[in-house]
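my questions concern the predicted model and sequence given below.
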Amino acid sequence: MPLFRLTPSTLRRLALPALLAAQCAVGTATYADNAAGAYLAVRHADLTRNFPEVVEYGVRAIAEDPENLDVLEGLIVAQIALGKLDDALPYARRLASASEDNQIAALVLLGDALATDDWDTASGLVGTRVSIAPVIDQMIQAWIRIGQGKMSDALAIFDGLGEDSASLGFTLYQKALTLAYVGDFEGAARILGGEQGTLNLNRSGLFAHAQSLSQSDQQDKAIELMTSAQTGMTDPEVAQIIADLEAGKTLEFDIIRSPQDGIAELLFAVAESLGSEGDQTGILLYNRLAEHLAPTHAGVLILTAQILEGMRHHDLAIETYGKVPQDSFAYQHAALGRTDVLRRAERFDEATGELRTLADAFPDTLRFRVALGDTLMLQDRYDEARDAYDLAIGQFEVDLSAQWPTYFQRAIAAHKLDDWTAAEADFRKALELSPEQPTVLNYLGYSLVERREKMDEALDMIERAVAARPDRGYIVDSLGWVLYRLGRYDEAVVQMERAVELEPVEPILNDHLGDTYWAVGRKREAEFQWSRALSFITDDTDLTELDPDRIRRKLEVGLDVVLEEEGAAPLNATE
């Protein structure tokens, strides 16, 4: 995580230039008239943001037409996006010689200059040939001055920037880091403690503050700071820091180890703060440059993986999560992210295997057992999932609101295993921890309706769920279904129609609407809805909730006959 988060509104005020929005699609109409196979392939790959194929076909296309600057730029963008700035360097030099103002080429040249301590070249590029935002450019220049051994010049830059209220907090963070880097831990601790302005420290900022206090022989204050940061949830790293401080150990300042680390923090802050608001390829470029400068920076690697995951580059995301060092405080977070991507890529066996290994390696980190249970649930392995949840819940020391999803998931597993007594107990425990949680209210209420138990309580639960989530078709359907079960058919129709409007292609909802239409005598419309329900069944449809043969039977003989055949009570409206 960066030591200070720039808000998107602040970044807009800082006037970020067009680099993020200037990703050109490869090729031009003129060139397309003479396109070879490699060009057409690279053009298609670029439009779909398939970076490996852009590189593969872009190299061929450039060999066929070395003067095509669009293809050349697209190739460089793809290489940066893949984290291969060294491979992009010769192409960037070629593009820069042909187009001196090209910022993509300049970005690669800047990355190379910074990584090789070529501070003079870097200084000449920043703010001229490549610009992020004026204030960010100046901060990079400050770190370059530190690389050149000109600390007083760097501090002068930060002091000048401190006059801008829009970037004051960020400037103070950077100034504190520079002071700590050169050994002025007392000065850094004063800034991080809010002496020059209130700062909202995130996790990395908190650690930087504690390390600065420890390095300046203020152990008691460091202990107080870290103790106040405890949330009640298990946090092995915070606990270890407190234990080290109480044992009299001096914490090493390891947040920033070089000027390159400082610049990486800046670039990371820009990339992270833009989030989903900017062009994801452009944001990825900034973050990959940060990764080039700080290859083991956990926050940078995790953000890169998240961006790649959002682009559906699952293999690249999995690979990037795997680069986070095991001794990093973020290793467990990255490992969990990696298994999440494996799960989304439907590589369930790999995800399950890794989660079992992680759960055994980190027995105090309960989220691995919870994630294991969640992954097993996706495979309908309810017995094993329940065991994983049992182990996690067995280690809960105190009741916390954040625990409700684990009880909820274990309840679903028990319900699937036909253990209603255990399921209901866990549903109610989840509600005890989070009383107005609509997902739990809906699931428990609907289950009670299906069991024809505690109908008034079920109706109350579902009405509360609908009030909280009126736009969720399944929850609105539950309200319609309990009204149907209560014989309040006219009211049920209103809710069922609304549910189908919200989720028009969900087969269960269409089937329920058909039943309610039949109950009020609208039999032709009922048959239409049952037919629609059958047409919407897919491989993903939960057939424990929907029986296609039963729907076909209703179409043959009607709902009344089906209920009679099942030995169920006939339809009976309640006035």
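Ah, there it is. Quick caveat, the model's predicted, so the values are computed rather than measured.

the bottom helix or strand of this structure by mean pLDDT?
Lowest by mean pLDDT, DSSP states H and E among the helices and strands of the chain is helix 29-32, with a mean of 39.

and after that helix, which helix or strand comes next?
Downstream of helix 29-32, the first helix or strand assigned by DSSP states H and E is helix 37-47.

give me the helices and strands touching that following helix, please.
helix 29-32, helix 51-64, helix 69-81 (3 or more C-beta pairs under 8 Å, 6 or more residues apart in numbering; DSSP states H and E). In this view, the C-beta of every residue, glycine as well, is placed from N, C-alpha and C.

for the ones you listed, which one sits closest to residue 533?
helix 51-64 (41.1 Å; C-beta to C-beta).

contacting residues around that closest one?
With C-beta atoms under 8 Å, 6 or more residues apart in numbering as the test, helix 51-64 has contacts from 26, 36, 38-39, 41-42, 45-46, 68, 71-72, 74-75, 77-79, 81-82, 84, 87, 91, 313, 316.

OK, contacts around residue 286?
Residues near residue 286 by C-beta under 8 Å, 6+ apart: 20, 132, 267, 270, 271.

buried ones among those?
Buried subset of the contacts of residue 286 (neighbour count, 16 or more other C-beta atoms under 10 Å): 20, 132, 267, 270, 271.

quick one: the closest residue to residue 164 other than its chain neighbours from residue 127, how far?
Among residues not flanking residue 164 along the chain, residue 135 sits closest, at 6.7 Å (C-beta to C-beta, 6 or more residues apart in numbering). Distance, residue 135 to residue 127, using C-beta to C-beta, to the nearest Å: 11 Å.

which one's more surrounded, these two?
Taking other C-beta atoms under 10 Å, residue 135 and residue 127 do not tie; residue 135 has more neighbours (21 against 15).

so the more buried one makes contact with residue 167?
Yes: using C-beta atoms under 8 Å, residue 135 is in contact with residue 167, at 4.8 Å.

host element of the residue nearest to residue 164?
Taking DSSP H and E as the definition, one finds residue 135 inside helix 134-147.

quick one: contacts of that helix?
Contact with helix 134-147 is made by 14-15, 114, 117, 119, 122-123, 126-127, 131-132, 151, 153-155, 157-158, 160-161, 164, 167, 170-171, 174, 178, 181-182, 259-260, 262-263, 266, 270, as judged by C-beta under 8 Å, 6+ apart.

can you give me the buried ones in the helix or strand following it?
For helix 134-147, the following helix or strand on the C-terminal side (DSSP H and E) is helix 151-161. Along helix 151-161, these residues count as buried under the neighbour rule (16+ other C-beta under 10 Å): 151, 154, 155, 157, 158, 161.

for helix 151-161, list the C-alpha coordinates in CSV.
Presented in CSV, the C-alpha positions along helix 151-161 are these (Å, rounded to 0.1, in the frame of the first residue of the first chain):
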residue,chain,number,x,y,z
MET,A,151,19.3,16.5,0.1
SER,A,152,19.0,20.2,0.7
ASP,A,153,17.6,20.6,-2.9
ALA,A,154,15.1,17.8,-2.3
LEU,A,155,13.9,19.3,1.0
ALA,A,156,13.5,22.7,-0.8
ILE,A,157,11.2,21.0,-3.4
PHE,A,158,9.1,19.4,-0.7
ASP,A,159,8.9,22.6,1.3
GLY,A,160,7.7,24.4,-1.8
LEU,A,161,5.1,21.8,-2.5
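
any idea which helix or strand comes after the helix or strand hosting residue 460?
Using DSSP H and E, residue 460 falls within helix 455-468. Using DSSP H and E, the helix or strand that follows helix 455-468 in sequence is helix 473-485.

which residues touch the next helix or strand after that next one?
As assigned by DSSP H and E, the chain's next helix or strand after helix 473-485 is helix 489-502. Outside of helix 489-502, the residues within contact range by C-beta under 8 Å, 6+ apart are 471-474, 476-477, 479-481, 483-484, 506, 509-510, 512-513, 516-517, 519-520, 529, 571, 573.

next, the angle helix 455-468 makes with helix 489-502.
Comparing the axes of helix 489-502 and helix 455-468 via axes from the mean of the first three to the mean of the last three C-alpha atoms, to 10 degrees yields an angle of 40 degrees.

shouldn't residue 476 be in contact with residue 465?
No: with contacts counted by C-beta under 8 Å, residue 476 stays clear of residue 465, the gap being 9.2 Å.

ok so, going back, in PyMOL, select just the buried ones from the contacts of helix 51-64.
PyMOL command restricting the contacts of helix 51-64 to the buried ones, with burial defined by 16+ other C-beta under 10 Å:
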select buried, resi 26+38+39+41+42+45+46+68+71+72+74+75+77+78+79+81+82+84+87+91+313+316
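
now the spatially closest residue to residue 355 that is not a sequence neighbour: which helix or strand?
Nearest residue to residue 355 in three dimensions, chain neighbours excluded: residue 372, at 4.0 Å (C-beta to C-beta, 6+ apart). In the assignment (DSSP H and E), residue 372 maps to helix 366-378.

got the contact list for that helix?
Here helix 366-378 makes contact (C-beta under 8 Å, 6+ apart) with 234, 332, 335-336, 339-340, 343, 348, 351-352, 355-356, 358-359, 362, 382, 384-386, 388-389, 391-392, 395-396, 405-406, 409-410, 412-413.

if we can go back for a sec, could you identify which of the helices and strands packed on helix 37-47 is most buried?
Mean neighbour count (mean count of other C-beta atoms under 10 Å) peaks for helix 69-81 among the helices and strands packed on helix 37-47, with a mean of 25.
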